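Participant: quick check, what structure comes out for this input:
(one chain, ligands or ions: 3)
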Amino acid sequence: MPLHILQHPLATHVITHLRDVHTKPATFRTLAYQISQLLAIEATRGLPTRPKPIQTPLEPITGQVLAQPLVIVPILRAGLGMMTPFLDLFPDVSVGYIGLERDERTAIARSYYCKLPPLADAHVLVLDPMLATGGSAAQAISLVKDAGARSVALSFVCIVSAPEGVATLEAAHPDVPIYTATHDRQLNAQKYILPGLGDFGDRLYT
Ligand SMILES: O=P(O)(O)OC[C@H]1O[C@H](OP(=O)(O)OP(=O)(O)O)[C@H](O)[C@@H]1O
Ligand SMILES: O=c1cc[nH]c(=O)[nH]1
Ligand SMILES: [Mg+2]
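Facilitator: Ligands and ions are numbered 1, 2, ... in the order given. As a prediction, this is how the structure comes out:
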């Protein structure tokens, strides 16, 4: 599946401020909202629509409306920072939650929570700002597939991706497209993304 990288001057502007170590949590949350809104539009470009006959004030026409329910699944905790723009753009969206936390020493993610709505007929977007080793994303996608999500209607949406994470996710789930706002250089020895923006969850909330 192709890696979709946001191409928009506003995206590079917002990411630069997100990366800035001097950006405080309140501003960081606003910037996370802005970049996630751009990603939400990009990642839903291919959503199917169905015809709906309506009457305008002047004449009858057949318009198009969204054909499928949409489900977002933010990965706790940092994924919560991407959730609100999806709720604002798609008021009927359902939300599932997957809790995953990387061990600080091994960088291997441990699952601690999973609550998902019905997924079989839905278009599912898994949200997590950071795709580093790809371990968290691969686990989360396995969980939503096991819960009934169909791979033709399943995407992973992140803000910063590393080549290592994209390779891992593509190897584990070659059928799932990845949407990212920026594709960075590499991981460091502690499995943080370079140049990256640090620990997204900490920058959102502490
Ligand atoms: O690709 P990976 O190597 O798995 O790393 C990415 C994961 O790391 C961060 O979460 P973290 O474990 O820090 O949890 P948090 O969101 O609660 O801070 C991030 O939000 C991803 O879930
Ligand atoms: O760079 C990284 C890697 C994993 N998780 C983060 O929050 N940042
Ligand atoms: Mg974290």
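
Participant: so who does whichever residue of the chain sits closest to ligand 3 touch?
Facilitator: Closest to ligand 3 within the chain is Gly201: 3.5 Å, counting by Cβ to the ion. The way it works is simple: take the backbone N, C-alpha and C, and place the C-beta from them, glycine included. Gly201 makes contacts with Arg77, Ala78, Gly81, as judged by Cβ atoms under 8 Å, 6 or more residues apart in numbering.

Participant: phi first, then psi, for the second one.
Facilitator: Which is Ala78. phi -60, psi -30 (degrees, to the nearest 10).

Participant: report the separation between it and ligand 1.
Facilitator: Remark: distance between Ala78 and ligand 1 (Cβ to the nearest ligand atom, to the nearest Å) = 3 Å.

Participant: surely that residue is in contact with Phe200?
Facilitator: Yes: the pair Ala78 / Phe200 is scored as a contact, 4.2 Å apart, by Cβ atoms under 8 Å.

Participant: who touches both of those two?
Facilitator: Joint contacts of Ala78 and Phe200 (Cβ under 8 Å, 6+ apart) are Pro129, Met130.

Participant: secondary structure element for Leu18?
Facilitator: Using DSSP states H and E, Leu18 maps to helix 9-19.

Participant: and the residue lying closest to Ala43 once chain neighbours are set aside, how many neighbours?
Facilitator: Nearest residue to Ala43, sequence neighbours excluded (Cβ to Cβ, 6 or more residues apart in numbering): Tyr179, at 4.3 Å. When neighbours are defined as other Cβ atoms under 10 Å, Tyr179 has 23 of them.

Participant: centroid-wise, who is the farthest residue in the protein?
Facilitator: Distance from the centre of the chain peaks at Leu58, with 40.4 Å (Cα atoms, centre = their mean).

Participant: so it sits in a strand?
Facilitator: No: Leu58 is assigned coil when assessed by DSSP: H, G, I helix; E, B strand; the rest coil, not a strand.

Participant: quick check: residues of the chain near ligand 2?
Facilitator: Ala78, Met130, Ala132, Tyr192, Ile193, Gly196, Asp199, Phe200, Gly201 (Cβ under 6 Å from any ligand atom).

Participant: any of those residues buried? List them.
Facilitator: Neighbour-count burial (16 or more other Cβ atoms under 10 Å) applied to these gives Ala78, Met130, Ala132, Tyr192, Ile193, Gly196, Phe200, Gly201.
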